[in-house]
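K.L.:
would you be able to build a 3D model of this:
(2 chains)
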Amino acid sequence: GNSVTQMEGPVTLSEEAFLTINCTYTATGYPSLFWYVQYPGEGLQLLLKATKADDKGSNKGFEATYRKETTSFHLEKGSVQVSDSAVYFCALTISSGSARQLTFGSGTQLTVLP
Amino acid sequence: GAVVSQHPSRVICKSGTSVKIECRSLDFQATTMFWYRQFPKQSLMLMATSNEGSKATYEQGVEKDKFLINHASLTLSTLTVTSAHPEDSSFYICSARDGSGANVLTFGAGSRLTVL
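P.N.:
The predicted structure is shown next:
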């Protein structure tokens, strides 16, 4: 079956620190990979995605590269801000149009201190 | 952008009572809505897919008589946890797909259910 494993939180960083949140996956087939972010009191929002090996998704200073050889999709940001404090979910789907097959990781809580 | 409103955000109830959670698409029509639950430190798990005007499709292991889903209109789906027990305490999240064909999923903020 499909599964997503991401690093457990909570993660606490100082402003302008470098961020890495690890995500690895197992999948039957060729998945598309996603990072979602949930700010306090809001719904999950798509942060970035990659649909094939070696693709790099990027948005708001965050990046993640689809690594097929290591089955990973680690999220990185060079300099975090207080406003980045949120819960981050790694996810995959086999069928690009089917949320039925959207598989999530457990989420990582990030807190950025000023 | 598209917004999905989920209500209530938190609910506490006594064991044996039923609780209804609403999921509304505020500025688009959602032909399909999805319900997830998340236990502490675990993944979001898809419970069921709700299609407007038809019966919901439940994932394996999810009791349809326990978790009643109604999708009576293009903007509203409800999840009713019947005869709730403490083990039903969880975080429930809905998402909606824009029926215009954009194939974008928009998530609600979630509902925290605590059953005493």
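K.L.:
now stretch B:40-56: average pLDDT?
P.N.:
Stretch B:40-56 carries an average pLDDT of 85.
K.L.:
next one: stretch B:109-116
P.N.:
When pLDDT is averaged along stretch B:109-116, the result is 94.
K.L.:
quick one: contacts for the nearest residue to B:L76 once chain neighbours are set aside?
P.N.:
Spatially, and ignoring its direct neighbours in sequence, B:L76 is nearest to B:R24 (5.3 Å; Cβ to Cβ, 6 or more residues apart in numbering or on different chains). To be clear about C-beta, it is placed using only N, CA and C from the backbone, and glycine gets the same treatment. Contacts of B:R24 were listed using Cβ atoms under 8 Å, 6 or more residues apart in numbering or on different chains, and they are B:V4, B:S5, B:Q6, B:H7, B:T75, B:L76.
K.L.:
secondary structure element holding B:R24?
P.N.:
strand B:19-25 (DSSP states H and E).
K.L.:
one step back: if any of the contacts of B:R24 are buried, put those into a PyMOL selection.
P.N.:
A single PyMOL command is used to select the members of the contacts of B:R24 judged buried by 16 or more other Cβ atoms under 10 Å in any protein chain shown:
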select buried, chain B and resi 4+5+6+75+76
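K.L.:
quick one: residues contacting the residue nearest to the spatial centre of chain B.
P.N.:
Nearest to the mean C-alpha position of chain B, by Cα atoms, centre = their mean, lies B:W35 at 3.8 Å. Contact analysis of B:W35 by Cβ under 8 Å, 6+ apart lists B:C23, B:L46, B:M47, B:A48, B:S50, B:F67, B:I69, B:S77, B:L79, B:Y92, B:I93, B:C94.
K.L.:
ranges for the strands of chain A?
P.N.:
Using DSSP state E, the strands of chain A run over A:3-6, A:11-14, A:19-21, A:23-26, A:32-38, A:45-50, A:56-59, A:62-65, A:75-77, A:86-93, A:103-104, A:108-113.
K.L.:
could you dump the ones you listed into JSON lines and include mean neighbour count?
P.N.:
Below are the strands of chain A laid out as JSON lines (neighbours: other Cβ atoms under 10 Å in any protein chain shown):
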{"stretch": "strand A:3-6", "mean neighbour count": "19"}
{"stretch": "strand A:11-14", "mean neighbour count": "14"}
{"stretch": "strand A:19-21", "mean neighbour count": "18"}
{"stretch": "strand A:23-26", "mean neighbour count": "19"}
{"stretch": "strand A:32-38", "mean neighbour count": "23"}
{"stretch": "strand A:45-50", "mean neighbour count": "19"}
{"stretch": "strand A:56-59", "mean neighbour count": "15"}
{"stretch": "strand A:62-65", "mean neighbour count": "20"}
{"stretch": "strand A:75-77", "mean neighbour count": "20"}
{"stretch": "strand A:86-93", "mean neighbour count": "24"}
{"stretch": "strand A:103-104", "mean neighbour count": "22"}
{"stretch": "strand A:108-113", "mean neighbour count": "17"}
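K.L.:
now the ones you listed in JSON lines, with distance to chain B?
P.N.:
Formatted as JSON lines, the strands of chain A follow (distance: least, Cβ to the nearest Cβ, whole Å):
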{"stretch": "strand A:3-6", "distance to chain B": "7"}
{"stretch": "strand A:11-14", "distance to chain B": "14"}
{"stretch": "strand A:19-21", "distance to chain B": "15"}
{"stretch": "strand A:23-26", "distance to chain B": "12"}
{"stretch": "strand A:32-38", "distance to chain B": "8"}
{"stretch": "strand A:45-50", "distance to chain B": "7"}
{"stretch": "strand A:56-59", "distance to chain B": "14"}
{"stretch": "strand A:62-65", "distance to chain B": "18"}
{"stretch": "strand A:75-77", "distance to chain B": "16"}
{"stretch": "strand A:86-93", "distance to chain B": "7"}
{"stretch": "strand A:103-104", "distance to chain B": "4"}
{"stretch": "strand A:108-113", "distance to chain B": "10"}
